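K.L.:
Attaching a predicted model along with its sequence, questions to come.
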2 protein chains.
Amino acid sequence: MCLNRYLITRRMVTNGDFMGTYINKDKVLVAVDCIIFGFDPQREVLQLLLIKRDFKPKKGRWSLMGGFMKKHEDLREAAVRVLTELTGLDNIYLEQLKTFGKIDRDPVERTVSVAYSALINTTEHDSGLINQYSARWFDISEVPDLIFDHDFMVKTAIKRLQYRASVQPIGFELLPEKFTMRQLQKLYEEIFNQKLDKRNFIKKINSLKVLEKLKEKDMTSSRKGSFLYRFNHQKYQEKLKAGFVFKV
Amino acid sequence: MCLNRYLITRRMVTNGDFMGTYINKDKVLVAVDCIIFGFDPQREVLQLLLIKRDFKPKKGRWSLMGGFMKKHEDLREAAVRVLTELTGLDNIYLEQLKTFGKIDRDPVERTVSVAYSALINTTEHDSGLINQYSARWFDISEVPDLIFDHDFMVKTAIKRLQYRASVQPIGFELLPEKFTMRQLQKLYEEIFNQKLDKRNFIKKINSLKVLEKLKEKDMTSSRKGSFLYRFNHQKYQEKLKAGFVFKV
DNA sequence: CCAAAAGTGTTTATGATACACCCATGA
DNA sequence: TCATGGGTGTATCATAAACACTTTTGG
């Protein structure tokens, strides 16, 4: 590390080759921020995970889960580590969203932040664990003002989520293993922020042929009860390999 | 800068608030790499701009136009500056592509690189200027091996280009002001790497209603000559505002 | 028997695809 | 007159959108 750096510097001094290429270049902090979406199947709302900062600056304000990349760690690994440290969430697939590099985005130090995003199935992840870490789910319509440029990051993430939802059967990452058609539809309505026609929606979803209709019914939401469905990962993978586009 | 940093450190020492938040965090080099696409309307090929490195490491190898962000400069500005310094290209709209953060992507120093991409109209930009800077256009099918992870960056950029081309009338950024339908079609064929039906293509393009057919003909490619078209930016902006999706 | 949510089909409009011949011109 | 690239139209199919009534059952 320091040694390594010294050696390179020596080489540069010796033959001049690296001159102007790596020395005298500014180094800055590289942050990672995690934008985690969830869906509450009972209340049928899209949610965002936030933490309350118990340190300055902006102590007491809500923020995305963020931290700094270490020199000897991959960027993505840094995001995974930070998320785990702050929420206990483990084994989450984080997708890179965008990098935010405005000069004054962090008032303390020049920091470039790489935002990562994930969709999680809240019923599969221990919410007690999340609470323990002073993290909390917010309904997407009730997200408070966030620190720095985190509001903008969230806006960007929602746009990306809408795009992803339009080309992939995204619902299955956010719903419990078994779910009703109504829940799936509500999820899409939340993501796109618009009402969808029940009949057309079901037709389209069925045409994708990646759902199994189960014999079981969910009896909590009506007297008649509604059938439960399950996502068939194998069929999905086969279709994906065949180049099928899951336009919803 | 150094002063500023010192003050913050003092405050941290005084009240402990910043402890563990900003101090002892690793700083790394933040690079920007520019992926510039062009289109040669004569030869009807998609092209990529590269430079020959005249410095180590990888001296003599071809590479994207890259450099390091300065501490007191926006990330995007850094990309614009680097592009201008290395190619003379000015006034280019660079769109952020993705950030590459593998631990060993640069063998010399830990570097996180943010890739930016742009489409340029080669006839509007002084190619003499580019040559002066030891930059060169390569046909997309003949791009040489590049340094570091630049090959992967280019692959990623091409995918993004294909996506953008499918939802925006992208051709107009890459073509000269006046162009023929054939050139436009060839451009899309190059981007998607597949043949398109002439009649269907023209129908689709016309349905977008953002082209003006001129009275002039281009006589260089056939005896009959082919009509020239021009992109109508105003119509495009109006449609864009109205939420029109330019699916091609 | 009624309230509340579940479930189900048809029609129409729009856009995508496939496909082949005539036109204008310079040499 | 002919070789070359330019230019045009129709029929079919697939998907999207609009739209309303019946079913089930617990209370």
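P.N.:
Yep, it's here. Residues are numbered from 1 along each chain as shown, chains lettered A, B, ... in the order given.
K.L.:
what angle do the top strand by length along chain A and strand B:27-40 make?
P.N.:
As assigned by DSSP state E, the longest strand anywhere in chain A is strand A:27-40. Strand A:27-40 runs at 80 degrees relative to strand B:27-40, counting by axes from the mean of the first three to the mean of the last three CA atoms, to 10 degrees.
K.L.:
right, and the helix or strand after strand A:27-40?
P.N.:
Using DSSP states H and E, the helix or strand that follows strand A:27-40 towards the C-terminus is strand A:45-52.
K.L.:
Name the strands paired with that next one and say parallel or antiparallel.
P.N.:
Strand pairing for strand A:45-52, determined by DSSP bridges: strand A:27-40 (antiparallel), strand A:62-63 (antiparallel), strand A:135-139 (antiparallel).
K.L.:
What separation do you get for A:Glu189 and B:Leu211?
P.N.:
To B:Leu211, A:Glu189 is 37 Å away according to CB to CB, to the nearest Å. Using the backbone N, CA and C atoms, a C-beta is placed for each residue, glycine as well.
K.L.:
before we move on, back to that, chain center to the longest strand of chain A: distance?
P.N.:
Relative to the centre of its chain, strand A:27-40 is centred 8 Å away, using CA atoms, centre = their mean, to the nearest Å.
K.L.:
Equivalent analysis for stretch A:119-132, please.
P.N.:
Going by CA atoms, centre = their mean, where stretch A:119-132 is centred and where its chain is centred differ by 14 Å.
K.L.:
That one spans what distance, first to last residue?
P.N.:
End-to-end span of stretch A:119-132 (CA to CA, to the nearest Å): 20 Å.
K.L.:
which residues are contacting that stretch?
P.N.:
With contacts defined as CB atoms under 8 Å, 6 or more residues apart in numbering or on different chains, stretch A:119-132 is touched by A:36-41, A:47, A:49, A:87-89, A:92, A:136-137, A:161, A:170, A:173-177.
K.L.:
among the residues you listed, which ones are buried?
P.N.:
A:36-41, A:47, A:49, A:87-89, A:92, A:136-137, A:161, A:170, A:173-175 (16 or more other CB atoms under 10 Å in any protein chain shown).
K.L.:
what's the neighbour count on the residue in chain A that DNA strand C sits nearest to?
P.N.:
Chain A approaches DNA strand C most closely through A:Arg199 (3.0 Å), counting by CB to the nearest atom of the strand. For A:Arg199, the neighbour count with other CB atoms under 10 Å in any protein chain shown is 8.
K.L.:
Where does pLDDT dip in chain A?
P.N.:
A:1-20 (pLDDT under 70).
K.L.:
what about 80?
P.N.:
A:1-21, A:55-56, A:126-129, A:131, A:242-248 (pLDDT under 80).
K.L.:
how does it divide up, domain by domain?
P.N.:
A:24-167, A:173-248 (automatic domain parsing).
K.L.:
is the last one up against chain B anywhere?
P.N.:
Right, domain A:173-248. No. Using CB under 8 Å from any CB of the partner chain, domain A:173-248 stays clear of chain B, with a minimum separation of 10.9 Å.
K.L.:
quick one on the thing from earlier: so which of the strands paired with strand A:45-52 is nearest A:Phe148?
P.N.:
strand A:62-63 (7.6 Å; CB to CB).
K.L.:
Now the element after the closest one, going C-ward?
P.N.:
strand A:65-68.
K.L.:
Only the C-alpha atoms, please, for the following helix or strand past that next one, written as CSV.
P.N.:
Downstream of strand A:65-68, the next assigned helix or strand under DSSP H and E is helix A:75-87. Extracted C-alpha coordinates of helix A:75-87, given in CSV (Å, rounded to 0.1, in the frame of the first residue of the first chain):
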residue,chain,number,x,y,z
LEU,A,75,-16.7,-1.1,-5.2
ARG,A,76,-19.7,-3.5,-5.1
GLU,A,77,-18.4,-5.3,-2.1
ALA,A,78,-18.1,-2.0,-0.3
ALA,A,79,-21.8,-1.4,-1.0
VAL,A,80,-22.7,-4.9,0.3
ARG,A,81,-20.6,-4.4,3.4
VAL,A,82,-22.1,-1.0,4.2
LEU,A,83,-25.6,-2.3,3.8
THR,A,84,-24.9,-5.2,6.1
GLU,A,85,-23.2,-3.1,8.7
LEU,A,86,-26.1,-0.6,8.9
THR,A,87,-29.1,-2.9,8.5
